[in-house]
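1. Predicted coordinates and the sequence they were generated for:
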Amino acid sequence: MTHPRPESHTPDPGFRERSIWSKETQERAARIVARYPLRRSAVMPLLYLAMREEGYLTDEGMEEVSRWCGITPAQVYAVASFYTMYKREPVGRYLISCCTSISCMLLGSDEVMHSIEESSGVPHGETDEEGLVSVEHAECIGACGGAPALQVNYELIEGVTPEKARDLVQWLRAARPEVLDGDEMQQLFGTRRSFDWAIREEEGAIGPYPAFGPLGTVGES
Ligand code: FES
């Protein structure tokens, strides 16, 4: 016996003409949707694409995703509001996410977080006036072996001390790198790592969202 597959609604055929996204982003969205048997399965990468386009998730961006996926805006919102990496308010150019879960906490992440907040003047969940630095504490970021760990635009730095965290904030404000390179930041501001990566990462993050090639959120580092 075959079971009917849950199909998405067929999108309005003219929706691309009315799209609020650039042609480049629309082409990326079309390539991503084509990877999935059901267009609705593309909702999560398209939400990152929407953030790349507008800097954060606006209502209009989520409506655009709903049209591409053939689902309702409420269904898109249900996904976007569940995951903390989907930002529904403007975020600074550099998002510092300091892990404060158990392994990091036992090795001093509270002090690291305090150092970030004090040196940046930005408390958890906020952004500086210039829109340059946002700060948040995060649940485990999967680098417990290199605790305490943090991410800047989701590029990882392990073995961070309060002093190194302060240096990181000062460096971001002074150097304002276009592309954040995790290996470079690890060398400058990290100490112990959970393990050595065998291959050097050639690409870095260009904004406060994860660096994925298909989303155009990577840059040569
Ligand atoms: S507890 Fe911090 S990376 Fe896992």
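-> Arrived safely, thanks for sending. Numbers count the residues shown, from 1 in each chain.

2. Which strands and helices lie in contact with the longest helix seen in the chain?
-> Using DSSP state H to define each element, the chain has its longest helix at helix 162-175. The elements that helix 162-175 packs onto, with contact taken as 3 or more Cβ pairs under 8 Å, 6 or more residues apart in numbering; DSSP states H and E, are strand 94-99, helix 109-120, strand 133-138, strand 150-152, helix 182-189. In short, each C-beta sits where N, CA and C put it, glycine included.

3. so what strands line up beside the helix or strand bottoming out on mean pLDDT in the chain?
-> In the chain, the helix or strand scored least confidently by mean pLDDT, DSSP states H and E is strand 218-220, which has a mean of 89. Strand 218-220 sits in its sheet next to strand 203-205 (antiparallel), going by DSSP bridges.

4. I'd like the mean pLDDT over the partner strand, please.
-> The average pLDDT for strand 203-205 rounds to 93.

5. Show me the contact partners of that strand.
-> Outside strand 203-205, the residues within contact range by Cβ atoms under 8 Å, 6 or more residues apart in numbering are 152-155, 179-182, 184, 211, 213, 217-221.

6. Could you rerun that using 7 Å?
-> Residues outside strand 203-205 that contact it (Cβ atoms under 7 Å, 6 or more residues apart in numbering): 153-155, 179-182, 211, 217-221.

7. pretty sure Leu46 is touching Ala29, no?
-> Yes. Using Cβ atoms under 7 Å, Leu46 is in contact with Ala29, at 5.9 Å.

8. Specify the beta-bridge partners of the closest residue to Ala211 other than its chain neighbours.
-> Ranked by Cβ to Cβ, 6 or more residues apart in numbering and with sequence neighbours excluded, the top spatial neighbour of Ala211 is Ala205, at 4.1 Å. Following DSSP bridges, Ala205 is listed with bridge partners Leu180, Val218.
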